[in-house]
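Enquirer: this one's structure only:
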């Protein structure tokens, strides 16, 4: 435990040196939790929206600090954490106390200049508490806490079967779906249940990026035999975000050999990604077919009833006094993924801790107004073009060119169709952004794609034909999150 404390303190000091005192105190001190397991540093934050911002701002300096502490294979992960929620609530309560003691803003400003230590004292106390509150081990979610619904129940049932009988069926298990729909929760639940049912088994959970880091380190240190012995001797391998391997040929080959070895000896392999294996356009055929050889399960975004149950359970867990109409409001307004729902409840919890009031529909509207606005994703035609180019493996200038070859014309028509669905642009405005085409060309493309959808036609993605509905669904999820 002492070693853990020292390593966490070392990481915080390195992060402080990279960010500077002001930024570190504003975003990390007293407002985040830190835990270290192996070469993974997990930083807990209070809400998914704060998490998204911190990933964008602090992923690079955080990774650098982790590597300075733990070695070249170290990496960091931001996650929503109840510990951080408590710290954040304490932070806001102390801020409120400071404001109550200094109702005059000018007096507070003078006090902060003349006695800075007194104003910052509450935050420093909470930073000391961080070391005591931060969990020492990674906390894996439970399958019992997973809220099942129409879009995810089959995935949950498969996860339960695998937890009871790993390696006997459903091997490999490939789970895919959009961001924030519960993939990682199921993977962690499988890990937790297998460890409970088979305590002597070796169960390894990691991301595909971490696998790549370990492999790179083994190449650099010329220790590939030890690397392979470690990864091919485990009983259950759980890998999150395997879409990270797309277009990384060296990693793909090693990963393919690893899972082939495990499956051939009856060891369980569980994988997750944001796309169907056939949608990974730059994956090795032998690896793609290996993914397809087991069982595939797609998790959909939660429907209304599922969202209602998620909000209700979360509120009960946090002992949050909230009315039924407030729960309905949250479930209606935040519909894309579970993380948005949790973030909304976290905001209401913070408001309740500060005011001690019951959360009704009026308070909910007021508290979540800014959050709801921030959750709106404005999609531009350029975003659609970028998503199409990534999926079909073509260049931007090819997409808007005058060339009419099939491998360009179909993606171009699909991009125009999506531009009509996702943007408020008129036909002639869309045509201008696709090489100066006229409005009738865009109207024709929209009509042809709509007819293909109605007929259930397929579209060529790389070397494979894929159902057009599924392609549009995948692109839609990317546009919502991107």
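Expert: Perfect, I can see it now. What you see is a predicted model, and the numbers here were worked out from it, not measured in a lab.
Enquirer: residue contacts, the residue lying closest to residue 440 once chain neighbours are set aside?
Expert: Counting by Cβ to Cβ, 6 or more residues apart in numbering, the nearest residue to residue 440 once its immediate chain neighbours are dropped is residue 427, at 7.9 Å. (Each C-beta comes from the backbone N, C-alpha and C, glycine too.) With Cβ atoms under 8 Å, 6 or more residues apart in numbering as the criterion, the residues that contact residue 427 are 420, 439, 440, 442, 443.
Enquirer: can you rerun that using 7 Å?
Expert: Applying Cβ atoms under 7 Å, 6 or more residues apart in numbering, one finds that residue 427 lies in contact with 439, 442, 443.
Enquirer: Also residue 164?
Expert: When the contact criterion is Cβ under 7 Å, 6+ apart, the partners of residue 164 are residue 197.
Enquirer: Mind doing that once more with 10 Å?
Expert: The contact partners of residue 164, by Cβ atoms under 10 Å, 6 or more residues apart in numbering, come to 193, 194, 197, 198.
Enquirer: got a pLDDT number for it?
Expert: We have a pLDDT of 92 for residue 164.
Enquirer: how far away is it from residue 190?
Expert: Between residue 164 and residue 190 the distance, using Cβ to Cβ, to the nearest Å, works out to 10 Å.
Enquirer: same thing with residue 224?
Expert: Counting by Cβ to Cβ, the gap from residue 224 to residue 190 is 28 Å.
Enquirer: what do you get for residue 335?
Expert: Separation of residue 335 from residue 190 (Cβ to Cβ) stands at 27 Å.
Enquirer: of the two, who's got more company?
Expert: For residue 335 versus residue 190, the count of surrounding residues by other Cβ atoms under 10 Å is larger for residue 190: 27 against 15.
Enquirer: what's downstream of whichever strand or helix holds the more buried one, the next helix or strand?
Expert: Here residue 190 sits within helix 183-197, counting by DSSP states H and E. The C-terminal neighbour of helix 183-197 among helices and strands, as given by DSSP H and E, is strand 203-207.
Enquirer: Partner strands of that following strand, with direction?
Expert: strand 236-240 (parallel) (DSSP bridges).
Enquirer: tell me the angle of the partner strand relative to helix 183-197?
Expert: 160 degrees (axes from the mean of the first three to the mean of the last three Cα atoms, to 10 degrees).
Enquirer: Next secondary structure element downstream of strand 236-240?
Expert: With secondary structure assigned by DSSP H and E, strand 236-240 is succeeded by helix 249-264.
Enquirer: ok, back up a step: which ones among the contacts of residue 427 are found in strands?
Expert: Secondary structure defined by DSSP state E assigns none of those to strands.
Enquirer: quick check, nearest of the residues you listed to residue 241?
Expert: The shortest approach to residue 241 among the contacts of residue 427 belongs to residue 442, at 35.7 Å (Cβ to Cβ).
Enquirer: what's the closest one in contact with, if anything?
Expert: Residues near residue 442 by Cβ under 10 Å, 6+ apart: 413, 416-417, 419-420, 425-434.
Enquirer: now residue 198
Expert: Residues in contact with residue 198, defined by Cβ under 10 Å, 6+ apart, are 163, 164, 166, 235, 236.
Enquirer: which of these tops the neighbour count?
Expert: residue 166 (25 neighbours).
Enquirer: thought it was touching residue 266?
Expert: Yes: in this structure residue 166 lies within contact range of residue 266 using Cβ atoms under 10 Å: 9.1 Å.
Enquirer: any common contacting residues for those two?
Expert: When Cβ under 10 Å, 6+ apart defines a contact, the residues bordering residue 166 and residue 266 alike are residue 235.
Enquirer: Apart from its neighbours in sequence, what residue is nearest residue 279?
Expert: Leaving out its chain neighbours, the residue that sits closest to residue 279 by Cβ to Cβ, 6+ apart is residue 474, at 5.8 Å.
Enquirer: give me phi/psi at the one you found?
Expert: Reported as degrees, to the nearest 10, the phi and psi values for residue 474 are phi -60, psi -40.
Enquirer: what does residue 400 give?
Expert: Dihedral angles phi and psi of residue 400 (degrees, to the nearest 10) take the values phi -100, psi 10.
Enquirer: so what's it up against?
Expert: Applying Cβ under 10 Å, 6+ apart, the residues contacting residue 400 are 385, 408, 412, 415, 432, 433, 434, 435, 436, 437.
Enquirer: Using the three-state scheme, assign residue 297.
Expert: For residue 297, the assignment made with DSSP: H, G, I helix; E, B strand; the rest coil gives strand.
Enquirer: Quote the end-to-end distance of stretch 243-254.
Expert: With Cα to Cα, to the nearest Å applied, stretch 243-254 spans 15 Å between its terminal residues.
Enquirer: Can you point out the buried residues in that stretch?
Expert: 243, 244, 245, 246, 248, 251, 252, 254 (16 or more other Cβ atoms under 10 Å).
Enquirer: What residues does the residue nearest to the first one when sequence neighbours are not counted make contact with?
Expert: In other words, residue 243. The shortest distance from residue 243 to any non-neighbouring residue, by Cβ to Cβ, 6+ apart, is to residue 273 (4.2 Å). When contacts are counted by Cβ under 10 Å, 6+ apart, residue 273 touches 174-177, 183, 208, 239-246, 279-280, 283, 291, 296.
Enquirer: change it to 8 Å
Expert: 174, 175, 176, 241, 242, 243, 280.
Enquirer: got TSV for those residues, with pLDDT too?
Expert: Rendered in TSV, the data for the contacts of residue 273 read as follows (pLDDT from 0 to 100):
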residue	pLDDT
174	94
175	93
176	90
241	90
242	91
243	88
280	81
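Enquirer: Now tabulate those in CSV and tack on distance to residue 460.
Expert: Putting those into CSV (distance: Cβ to Cβ, whole Å) gives the following:
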residue, distance to residue 460
174, 22
175, 26
176, 20
241, 26
242, 23
243, 20
280, 15
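Enquirer: shouldn't residue 171 be in contact with residue 265?
Expert: No: with contacts defined as Cβ atoms under 8 Å, residue 171 does not count as touching residue 265, sitting 10.9 Å away.
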